[in-house]
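K.L.:
here is the input, now give the coordinates:
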Amino acid sequence: MFLLTRNHSGCSIRLSLNCACCCDYAQLRDTSWCRTVGYLTLQVLCFASKMKGEEKMPSFDIVSEVDLQEARNAVDNASREVESRFDFRNVEASFELNDARKTIKVLSESDFQVNQLLDILRAKLLKRGIEGSSLDVPENIVHSGKTWFVEAKLKQGIESATQKKIVKMIKDSKLKVQAQIQGDEIRVTGKSRDDLQAVMAMVRGGDLGQPFQFKNFRD
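P.N.:
This is a model prediction of the structure:
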């Protein structure tokens with residue numbers, strides 16, 4: 001129960017923290033004192049109440065994350081394989097992981113060899129539990145002096161455009177769930193666990209250009 005009083009006039013406003021507060025607000029919005037207090041206070045109370053109700057429902061977060069330690073393990077394994085391969089003997093070839101930028105630089109003496117190295121890297125990433133679609137490789141291989149290279153980016157988080165696609169996909173499915181963008185993640189809330197599982201299957205099967213994980217499950 002939320003109580004506001006104005007002692008010198010003896011009037012008061014009493015609001016229950018439920019959706020009925022919206023009706024109370026509509027009835028009181030013409031009073032001068034209510035305008036002084038501010039409509040925003042009452043609206044925030046309504047919103048907080050609704051959000052509190054939603055938090056009690058089952059939910060989970062859709063994320064897209066790459067374990068950088070596993071990425072480093074994959075890079076190390078790829079480097080060892082290249083060192084042992086006859087076709088790369090006496091050839092300049094390397095992988096370089098930049099933790100801060102979340103990129104992997106792949107370098108060799110020709111564009112063909114760079115593509116070979118990318119294939120090796122993708123295979124090693126997959127063995128470490130990182131899908132190939134987590135690696136964003138530029139279309140053009142850069143030629144610099146005697147070497148060629150690309151700087152592939154590890155996809156961390158869900159970009160805005162992809163988030164909007166996922167939210168639209170969920171909305172169009174007519175499942176009784178709500179999807180809310182939160183930073184580079186998406187929170188899905190619904191009363192039915194079957195509906196939540198259906199959303200997971202739909203997102204996994206969607207052609208969205210990167211892998212997704214589901215975490216922070218709440219009952």
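K.L.:
name the residues of stretch 137-147 that are buried.
P.N.:
The neighbour-count check on stretch 137-147 (16 or more other Cβ atoms under 10 Å) flags V137, I141, T147 as buried. For the C-beta atoms, the positions are set from N, CA and C on the backbone; glycine is no exception.
K.L.:
just the local confidence number for the second one, please.
P.N.:
I141 carries a pLDDT value of 96.
K.L.:
name the next helix or strand downstream of the strand ranked longest in the chain, please.
P.N.:
Assignment by DSSP state E gives strand 147-154 as the longest strand of the chain. Counting by DSSP states H and E, the element after strand 147-154 in chain order, helix or strand, is helix 160-172.
K.L.:
quick revisit: mind putting the buried residues of stretch 137-147 into TSV with distance to Q69?
P.N.:
What follows is the buried residues of stretch 137-147, written out as TSV (distance: Cβ to Cβ, whole Å):
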residue	distance to Q69
V137	21
I141	28
T147	28
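K.L.:
which of those residues lies closest to P211?
P.N.:
Set against P211, the nearest of those by Cβ to Cβ is V137 (15.2 Å).
K.L.:
then the longest strand of the chain to PDB, C-alphas only?
P.N.:
Output in PDB follows, covering the C-alpha atoms of strand 147-154 (Å, rounded to 0.1, in the frame of the first residue of the first chain):
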ATOM      1  CA  THR A 147      52.100 -11.600 -46.600                       C
ATOM      2  CA  TRP A 148      48.300 -11.800 -46.700                       C
ATOM      3  CA  PHE A 149      46.100 -11.700 -43.600                       C
ATOM      4  CA  VAL A 150      42.600 -11.300 -42.200                       C
ATOM      5  CA  GLU A 151      41.500 -10.200 -38.800                       C
ATOM      6  CA  ALA A 152      38.500 -12.300 -37.900                       C
ATOM      7  CA  LYS A 153      36.300 -11.100 -35.100                       C
ATOM      8  CA  LEU A 154      34.800 -13.400 -32.400                       C
END
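K.L.:
tell me which other helices or strands it touches.
P.N.:
With contacts taken as 3 or more Cβ pairs under 8 Å, 6 or more residues apart in numbering; DSSP states H and E, strand 147-154 sits against strand 103-108, helix 111-127, strand 135-136, strand 142-144.
K.L.:
possible to save those as JSON lines with distance to R72?
P.N.:
JSON lines is the format used below for those (distance: least, Cβ to Cβ, whole Å):
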{"stretch": "strand 103-108", "distance to R72": "10"}
{"stretch": "helix 111-127", "distance to R72": "11"}
{"stretch": "strand 135-136", "distance to R72": "14"}
{"stretch": "strand 142-144", "distance to R72": "23"}
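K.L.:
can you say which of these is nearest to K165?
P.N.:
K165 sits nearest to strand 135-136 of all these, at 16.6 Å, using Cβ to Cβ.
K.L.:
run through who's touching that closest one.
P.N.:
I104, L121, R122, L125, A152, K153, L154, K155 (Cβ atoms under 8 Å, 6 or more residues apart in numbering).
K.L.:
what pairs with it, and is each one parallel or antiparallel?
P.N.:
Partners of strand 135-136 in the sheet, by DSSP bridges, are strand 147-154 (antiparallel).
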